[in-house]
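Q: just need the structure, nothing else, for what follows:
(one chain, ligands or ions: 1)
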Amino acid sequence: MSILDQIEPLKESGLAAIDGAADLRELDAARVQFLGSNGRLTGFLKQLGSLDPSERPQAGKALNIVKKTLEERLEERRGELELKAAMPDRPTDFSMPGRRPRRGSVHPLTQVTEDIVKCFRKLGFAVADGPEIEDDYHCFDALNTPADHPARDTQDTFFLPEGRLLRTHTSSVQIRVMETQPPPVRIIVPGRVYRRDTADATHNPTFHQIEGLYVDRGVTVRDLMGTVEFVFRELLGSEVKLRFRPHYFSYTEPSLEIDFTSPLVRKMGKDWLEIAGCGMVHPKVFENVGYDPEVWSGWAFGFGIERIAMIRYGITDIRLFYENDQRFLQQFG
Ligand code: DAH
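A: So this is what the prediction gives:
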């Protein structure tokens, strides 16, 4: 049989193989079978040289046309199969409920902090910040708590080289702010603090505090009480009652502790919950930062943010705040 008679059947079977390919893999097999280096069409092209010269031009031309036809059909079929592969295997049901991305939410401790900051902003307080890695001087000495002071035992912390330590309270920022600006001062300081505590339902080695400091001429204990009462009512509701008890802090004189009660506290089976420490800034502290205690007076307070958040949301284990369990956090969205 002449080669010319074999060309048409070759084209037909090539086209059939391409059209019959059900997926891209089968299509590639068809390409190799006909157009690959050992393919059937390639085989014919290789024979051209040994043909009778009278047949050669016609056969060459016919084979090239077949080659082009197969290549074009191959590309067309590849396009169809690629589209098919990208299509869903089932039709889209537009009546199905959508899948919404879940929105994250602000951590409860951040929510409480932001609310407290908002309250104090209303009263003209600015937010100040200080380092968590502190030195002995700013954390203790400048606050009238020398190395042999018993208060240091209750505030044991994590010590770092070169006399540095993780701050045990935000009170260190009182000193940092007063060192750098002249009175009057009206600041609050939200921040993370550290103690050498074992974690249990009410303790954690890191927690958060808010410090407040107000320095001006003629500031009195009544200013302190009124401010604190305003803020706690804003935060925890108007049924809140506060009680001030005498206490001791080395950086205030007199010093007070604030107890708090509300319907929620009584539901927890308690009469009062201790919530903050405060007092009038000690003259020694003013001297340490170069303020004249004869001219300036002020008050300061500090309280734990976790405590407030636990009361506000009825949380009984402090560790829940740090575990990043989605089931817990999602409830505050
Ligand atoms: N620094 C105290 C603590 O961590 C809290 C405190 C008490 C802060 C009295 C004050 C203050 O500013 O005047 O327990």
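Q: ok, and the closest non-adjacent residue to residue 130?
A: Excluding the flanking residues, the one nearest residue 130 by C-beta to C-beta, 6 or more residues apart in numbering is residue 173, at 3.6 Å. For the C-beta atoms, the positions are set from N, CA and C on the backbone; glycine is no exception.
Q: that neighbour: what's it in contact with?
A: 128-130, 187, 189, 191, 211 (C-beta atoms under 8 Å, 6 or more residues apart in numbering).
Q: can you count the residues close to the residue of the stretch 1-150 of the chain found nearest the ligand?
A: The nearest approach of the stretch 1-150 of the chain to the ligand comes at residue 143, 8.1 Å away (C-beta to the nearest ligand atom). Residues lying near residue 143 (other C-beta atoms under 10 Å) number 26.
Q: could you measure from it over to residue 72?
A: Remark: distance between residue 143 and residue 72 (C-beta to C-beta, to the nearest Å) = 86 Å.
Q: same question, residue 98
A: Distance, residue 98 to residue 72, by C-beta to C-beta: 43 Å.
Q: between those two, which one's more packed in?
A: Set residue 98 next to residue 72 and count neighbours by other C-beta under 10 Å: residue 72 wins out with 11 against 4.
Q: retrieve the pLDDT associated with the more buried one.
A: The model reports residue 72 with a pLDDT of 95.
Q: that one in helix, strand or coil?
A: Classification of residue 72 by DSSP: H, G, I helix; E, B strand; the rest coil places it in helix.
Q: the helices in the stretch 101-250 of the chain, which residues?
A: Counting by DSSP state H, counting those that start in this stretch, the stretch 101-250 of the chain has these helices, from start to end: 108-122, 136-139, 151-154, 171-180, 221-236.
Q: buried residues in the second one?
A: By neighbour count, and taking 16 or more other C-beta atoms under 10 Å as the criterion, the buried residues in helix 136-139 are 136, 138-139.
Q: nearest to residue 164 among those?
A: Comparing the buried residues of helix 136-139 against residue 164 with C-beta to C-beta places residue 136 closest, at 8.4 Å.
Q: which residues of the chain fall in strands?
A: Applying DSSP state E to the chain gives strands spanning 126-127, 133-135, 159-160, 164-166, 185-194, 206-216, 241-247, 252-261, 273-281, 297-304.
Q: so can I have CSV of these showing mean pLDDT, distance to residue 11 and mean neighbour count?
A: Formatted as CSV, these follow (pLDDT from 0 to 100; distance: least, C-beta to C-beta, whole Å; neighbours: other C-beta atoms under 10 Å):
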stretch, mean pLDDT, distance to residue 11, mean neighbour count
strand 126-127, 96, 81, 14
strand 133-135, 96, 81, 18
strand 159-160, 90, 83, 12
strand 164-166, 94, 82, 19
strand 185-194, 97, 78, 21
strand 206-216, 97, 78, 21
strand 241-247, 94, 97, 14
strand 252-261, 94, 93, 19
strand 273-281, 93, 91, 21
strand 297-304, 96, 86, 23
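Q: using a markdown table, lay out the ones you listed together with distance to residue 36.
A: Below are the strands of the chain laid out as a markdown table (distance: least, C-beta to C-beta, whole Å):
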| stretch | distance to residue 36 |
| --- | --- |
| strand 126-127 | 73 |
| strand 133-135 | 69 |
| strand 159-160 | 70 |
| strand 164-166 | 70 |
| strand 185-194 | 68 |
| strand 206-216 | 67 |
| strand 241-247 | 89 |
| strand 252-261 | 85 |
| strand 273-281 | 82 |
| strand 297-304 | 76 |
